[in-house]
Structures are given as C-alpha cells and as structure tokens.
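[1] Okay, predicted coordinates and the sequence, questions at the end:
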Amino acid sequence: MLPLIVFAVGIAVYNYKQDRSDATRRVLENVRSMRLVLDSEVQRMTGGLQVLALTNSLRNDDFVSFRRIALGFLDQYGKGGLVLISDSKGRILFSSTTEDTASLPPRSNMAIVEKLFATKAPQYSDLFNGAYNHRQVLTVEVPVFRDGEVIYDLCFSPPLGIFQNLVEKQRPDPEWTVSLLDTTGTVFARVPNPGETFGKRASPSLFTEMFRSNEAALSSVSLDGISLASAYTRSHLTGWTVAAGVPESSLIAPLWRNIAITSLIGGVLLLIGLTFAVRMATTIARGEMLHNLLIEELNHRVKNTLALMQAIAVQTFRSASRDERTKFEGRLGALAEAHNLLSQEKWAGSELRDVIARVLQPFLLANPDRIRMAGPAVPLSPRLAVVLSMIVHEIATNAAKYGALSNETGRVTLDWEVIADAPKPRLRLIWTEIGGPPVTEPVRRGFGSRLIERSARDQLGGEATVDFLPRGVVCTVTCALDETR
C-alpha cells in the first residue's frame, strides 16, 4: 500500500509542477494583454491631443476659441482632467481650469517639456507632484507645430481613476494582484489595496528584477507580504510596466488536497489497481486548471497578436520620420479600436455605425456635428469590421489634412446603403465633403489612397473610387457583405 501511495503522491507533485508552469505562462500572457489595453488607451489620448494640436484656433493663438474645444476633449474623461499649453521655457499660456494664466507658476516638470521640444515627439511622464492641483499626476504631452517647428507643449493630465478602472476590469480573478508602475517603479494603479500602495515603490523582489529586462516571469513577494507567481512586461510606447501575480498558496493548496485524496483512494481502492488511482489523481489535479487555462488562451489570442504587431512596429519605425510614425500609429490605432469593439461583442461581429463612430471619434472632438452619418443597421463580420475601420480612418485622415476637416467650416456627409440586387448583398458607403479648401486633384497618389483602393479590391472584393469635385472630395466604397451570426 505504501509504495502505491508514494507513487500517487509523486504523480500529484509532477502535476503540480506542470500546473504551476502553466499558471506562470498564463500570468505572462495576461500582463502582455493588459499592456496592449494600456497602450491602446494611451494611444487614444495621444491621438485626441494630436487632433487638438492641428486646430486653427490653437495654431492662431486663439486660446479663447480653443477653450471650448479643450473642454469638449476633457468631457470624455470625466472630472479631474487638466489641459495645459506651455512654451519652451515652461510658461503657462493656457489652462483648462482658469483664464488667469498670469498668476500660474511655470511648469514643475521641466525635464519632459525640454525633451518634447528636443525630440518633437509625444512624451509620457512618470508620477510627479502637480503644481496646480497639489497631487500626484501623470501627463501625456504632444508638440504643437507651426511651419515645421514646435511652438507649444500641449499637455494632458488624465484622471488617474482611468488607469485604476483599467486594472480592475482587466484583473482575471479576485485572487490576482495587478499593478501599473511608471519608469521609476512607482505604483500609480493597483488591485488590491490601491489606496495603501499608490505612490509607493514596487516590492524589493519585483523592483530588483524589473530593470534587468523588459519582460520576465518570477517569484516575488507583494507589497501586502503575499508570495506570488508573477510576471511583468514593459510598454515600448510609454516605458510604464504592467505587473501581475497569482498567490503561491492558491497553487500549492490543490497539491495538498490532491495528495490527501489520492492517498485515501489508494487505500480504499487498492484492489482496483494502480491505473484507476493514477487516472483519478491526474483528473483531479489537472482538470479544472487546464479548462480555465484553455478559456483564457482563447480570450486573449487576438490581443497577444496585436501586442506583437505593436512591438514589431516600434522596432521597425525607430529610425523613421515623425510623419511616417504618426501615419502608422494612426492605422494601428484604428485596427486596435476595431479589435476592441469586436472583443466586446465576443467576436460575433459588430454594427457598422459603431465601427465608424469609433474610428471618427478623434475627428469629432472640436465639433461633433460636422460629420453627419446616415444609413440602415448593417451587421458586419469581424473581417469586414477591421478592413472598413482602416479604410474610413484613411479617408478621415486625408480630410483632416487637406479636405473638409482641415478648416472650421467644412462638413462631411457619410451615407451608406445595402444593395440587394446581386447574388450576395453589397454595401455602398459614400463620403461627401463640402465647405473645405479648394479641391485640386493630386499629381500622384499617396500610400493612403493606394491603401484604400487595394483594401477595397483585394480584401473586400469590391472597389473604391475618389472623385475630386470642385465642391469637395467624394469617396465611394462598395463591397460584398459576409454572412453574420
């Protein structure tokens, strides 16, 4: 009897080691997915600020008109947000909280201001004490250009509750510990116990390890004194770190439970044989965790793919121009927004109006009424949702640069209809611009135009045409609709 029990215990220990390895891998995949969600949220902030930086009121130093636009931008983030505009010396020229900027002190975090003017690229701060609200804040900052030179620093301090909500929603299980840390290893969002750990440095075991590599799995002890099987990954966009861990006790408890059950079964059912005992031990030890692991892997497969795309993009565009980086980041952001919408719908497809609204959101901050959308409800398959979001993003970007969205008076009408006079229903989408600058047909087509045409032809089996009419550009996209469930 004793040899059988020892053998069964050995099987349970082996399964525990396998399950622990699986759990560690699951933690690492989860932090990668959380990093993707964090980067997507920060990219949305950055994109909105870059749209604000292109407004004529800001470029013309019309801060009175710009105040209405800035307050509209802040409304989407709730209370606690702040928009500032400063020059290269840190002098405050605009504040969303007061019109009396003369009484405001200069910027307290001058290092990031100097870096923005030097690099001419968006910057993301660490946690620091704000000079205006006297509390610790993070900032997202983008340059404002005039004639190719940076004239202002457009700074946004988002409510930190955004990041806390993100952590709470992405937490896979109530037993998990999840933290967001800045580049110095300081916590700015965490579960559990966010109030007691905010602004504190990461635990010594994590802090020592997190600066050795951009990503790793390790055993650590949390700020609450709990032993964790944990992992972390660093964002290439912001330099911030996502860390998470599952209690070691939740992994070892099944081991002792399985040893006890296996021993009991081995004693009572000795005559039934070794095969039955081993099978029972294996089933009990691995069944539930393997099932949960499979579900998690299925849920996060697409997000992990996007995270890999983002990492490749950062490496590829390291030496590229700012305009190339901005274009690609906008396209990747549109793709991420489409995937976020599909994830919310559990990949059963999405509604055309919702896809378009997500893509056009940054272009509607200044004046939500300047783009009118009209058309029937059209359910889209995941494939159509992703490709159409990229096409609409390219059309809107061109309009913001050269067309009806590049001034204060332009308007856009976006109509769509379903044509049922073919073997498969077809979607026709018409983008019409009026009130923009005078229209002239370009001498050569850019990459964006080619992307629109090739995506419509090769990926949608349809076509896209662009007419440069005197009153404004008209772009028509037609494609066959997939069956949706």
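    Right, received. Where do you want to start?

[2] what are the ranges of the helices in the chain?
    For the chain, helices defined by DSSP state H occupy the ranges 2-53, 56-59, 63-75, 110-119, 161-170, 194-197, 204-210, 248-268, 274-316, 322-344, 352-360, 382-401, 447-454.

[3] what about dumping the CA coordinates of the second one to CSV?
    Extracted in CSV, the C-alpha atoms of helix 56-59 (Å, rounded to 0.1, in the frame of the first residue of the first chain):
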residue,chain,number,x,y,z
ASN,A,56,-6.7,76.5,-36.4
SER,A,57,-7.6,78.2,-33.1
LEU,A,58,-4.5,76.8,-31.4
ARG,A,59,-2.2,77.5,-34.3
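
[4] Run through who's touching that helix.
    With C-beta atoms under 8 Å, 6 or more residues apart in numbering as the test, helix 56-59 has contacts from 52, 62-63, 65-66, 69, 85, 144, 146, 152, 154, 407-408. C-beta here means a position set from N, CA and C on the backbone, and glycine is covered the same way.

[5] among the residues you listed, which one has the lowest pLDDT?
    By predicted confidence (pLDDT), the lowest-ranked of the contacts of helix 56-59 is residue 408, with 86.

[6] how near is it to residue 468?
    Distance from residue 408 to residue 468, counting by C-beta to C-beta, to the nearest Å: 22 Å.

[7] do the same with residue 80
    As defined by C-beta to C-beta, residue 80 lies at a distance of 45 Å from residue 468.

[8] where along the stretch 51-200 of the chain do the strands fall?
    Read by DSSP state E, counting those that start in this stretch, the stretch 51-200 of the chain holds these strands, from start to end of the chain: 82-86, 92-95, 123-124, 128-129, 136-137, 140-146, 149-157, 177-181, 187-191.

[9] hey, which of these is tucked in deepest?
    Scoring those by mean neighbour count under mean count of other C-beta atoms under 10 Å gives strand 177-181 as the most buried, with a mean of 25.

[10] isn't residue 414 right up against residue 430?
    Yes - with contact defined as C-beta atoms under 8 Å, residue 414 reaches residue 430; the gap is 7.4 Å.

[11] So if I had to pick from the two, which one is more boxed in?
    Between residue 414 and residue 430, counted using other C-beta atoms under 10 Å, the more crowded position is residue 414 (20 against 15).

[12] what's the nearest residue to that one if we skip its chain neighbours?
    In this structure, residue 414 finds its nearest non-sequential neighbour in residue 373, 4.8 Å apart by C-beta to C-beta, 6 or more residues apart in numbering.

[13] Residue 353 versus that neighbour, what's the distance?
    If you measure residue 373 against residue 353 using C-beta to C-beta, the figure is 7 Å.

[14] what does residue 27 give?
    Noted for residue 27: a distance of 38 Å to residue 353, by C-beta to C-beta.

[15] Have a look at the two and say which one is more surrounded.
    Using other C-beta under 10 Å, the more surrounded residue of residue 27 and residue 353 is residue 27, with 23 against 16.

[16] what about the more buried one, distance to residue 209?
    Spatial separation of residue 27 from residue 209 under the definition C-beta to C-beta is 14 Å.

[17] show me what contacts the residue nearest to residue 414?
    Counting by C-beta under 8 Å, 6+ apart, the residues that residue 373 touches are 353, 356-357, 414-415.

[18] Same list (the strands of the stretch 51-200 of the chain) but as TSV, adding distance to residue 474.
    Converted to TSV, those look like this (distance: least, C-beta to C-beta, whole Å):
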stretch	distance to residue 474
strand 82-86	35
strand 92-95	37
strand 123-124	39
strand 128-129	49
strand 136-137	45
strand 140-146	30
strand 149-157	33
strand 177-181	45
strand 187-191	46
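
[19] Please identify which of the ones you listed is closest to residue 450.
    Taking C-beta to C-beta as the measure, these were each checked against residue 450, and strand 140-146 came out nearest at 25.9 Å.

[20] That closest one pairs with which strands, parallel or anti?
    For strand 140-146, the pairing partners within the sheet under DSSP bridges are strand 123-124 (antiparallel), strand 149-157 (antiparallel).

[21] how distant is stretch 421-428 from the center of its chain?
    34 Å (C-alpha atoms, centre = their mean, to the nearest Å).

[22] swap in stretch 402-419?
    For stretch 402-419, the distance from its own C-alpha centre to the chain's C-alpha centre is 27 Å (C-alpha atoms, centre = their mean).

[23] May I see the buried residues of it?
    Residues of stretch 402-419 classed as buried by neighbour count (16 or more other C-beta atoms under 10 Å): 402-405, 410-414, 416.

[24] Strands - which of the residues you listed land there?
    Of the positions in the buried residues of stretch 402-419, 411-414, 416 sit in strands, assigned by DSSP state E.

[25] Can I get the residues you listed in CSV including pLDDT and distance to residue 168?
    Conversion of these to CSV gives the following (pLDDT from 0 to 100; distance: C-beta to C-beta, whole Å):
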residue, pLDDT, distance to residue 168
411, 92, 40
412, 94, 37
413, 94, 40
414, 94, 36
416, 95, 37
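
[26] Could you provide the residues you listed in JSON lines, with additional columns for distance to residue 191?
    Converted to JSON lines, these look like this (distance: C-beta to C-beta, whole Å):
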{"residue": "411", "distance to residue 191": "45"}
{"residue": "412", "distance to residue 191": "42"}
{"residue": "413", "distance to residue 191": "45"}
{"residue": "414", "distance to residue 191": "40"}
{"residue": "416", "distance to residue 191": "42"}
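
[27] wait, which of those residues is closest to residue 111?
    The shortest distance between residue 111 and any of these, using C-beta to C-beta, involves residue 412 and amounts to 40.5 Å.

[28] and the gap between that closest one and residue 364?
    Here the criterion is C-beta to C-beta. By it, residue 412 lies 10 Å from residue 364.

[29] Same question for residue 105.
    34 Å.

[30] The two: which is more packed in?
    Higher neighbour count among residue 105 and residue 364: residue 364, with 16 against 10, using other C-beta under 10 Å.

[31] ok, for the more buried one, nearest residue in space, not its chain neighbours?
    Taking C-beta to C-beta, 6+ apart as the measure, residue 364 lies nearest to residue 371, with 6.1 Å between them; neighbours along the chain are not counted.

[32] Bridging across strands, which residues link to that neighbour?
    Judged by DSSP bridges, the bridge partners of residue 371 are residue 412.

[33] Could you check how far residue 232 is from residue 372?
    Here residue 232 is placed at a distance of 46 Å from residue 372 (C-beta to C-beta).
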